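Enquirer: No sequence on hand, only this structure:
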């Protein structure tokens with residue numbers, strides 16, 4: 001969100017749409033690759049919807065063509081899109097990967113989570129004061 005706000009203040013909406021569209025297509029392709037990997041590595045797990053592997057493989061072929069063409073035609077936009085994605089790496093390490101956080105960091109994360117849940121009207125009973133409301 002912070003990167004988006006900075007880009008909105010500095011650039012125009014068209015550029016932001018280009019950054020986000022590259023990020024979206026990159027994530028779609030990685031998701032489809034994950035589907036194929038899971039089909040090969042764990043073929044016995046339950047799947048509510050199962051499609052022929054030809055469909056995701058065909059999608060990946062077109063996806064690779066579009067991604068390579070995007071990288072060739074607009075490398076700066078793609079690079080900024082990758083930088084926007086990489087801004088989430090520190091958040092992952094601070095919030096998920098780091099298991100033995102000090103109590104003050106845990107309290108901060110919990111209060112930010114509770115505040116965000118209240119802001120978006122998705123408050124769960126874990127938040128302090130949620131039972132009182």
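Expert: Nice, thanks for sending it over. This structure is a prediction, so every number in the text was calculated from the model and none was measured. Residues are numbered from 1 along each chain as shown.
Enquirer: pretty sure residue 74 is touching residue 21, no?
Expert: No - with contact defined as C-beta atoms under 8 Å, residue 74 does not reach residue 21; the gap is 10.6 Å. Where C-beta positions appear, they are placed from N, C-alpha and C, glycine not excepted.
Enquirer: now the helices for the chain?
Expert: 2-10, 13-41, 54-73, 75-86, 88-92, 103-119 (DSSP state H).
Enquirer: Those: which one's closest to residue 47?
Expert: For those, the distance to residue 47 is smallest for helix 13-41, at 8.4 Å, taking C-beta to C-beta.
Enquirer: For the closest one, buried residues please.
Expert: 16, 18, 19, 22, 23, 26, 29, 32, 35 (16 or more other C-beta atoms under 10 Å).
Enquirer: Just the pLDDT for the third one.
Expert: At residue 19 the predicted local distance difference test score is 77.
Enquirer: Name the nearest residue to it, sequence neighbours excluded.
Expert: Nearest residue to residue 19 in three dimensions, chain neighbours excluded: residue 81, at 4.6 Å (C-beta to C-beta, 6 or more residues apart in numbering).
Enquirer: what's the one you found in contact with, if anything?
Expert: Contact analysis of residue 81 by C-beta atoms under 8 Å, 6 or more residues apart in numbering lists 18, 19, 20, 22, 23, 26.
Enquirer: The first one reaches residue 73, doesn't it?
Expert: No - counting by C-beta under 8 Å, residue 18 does not reach residue 73; the two are 10.8 Å apart.
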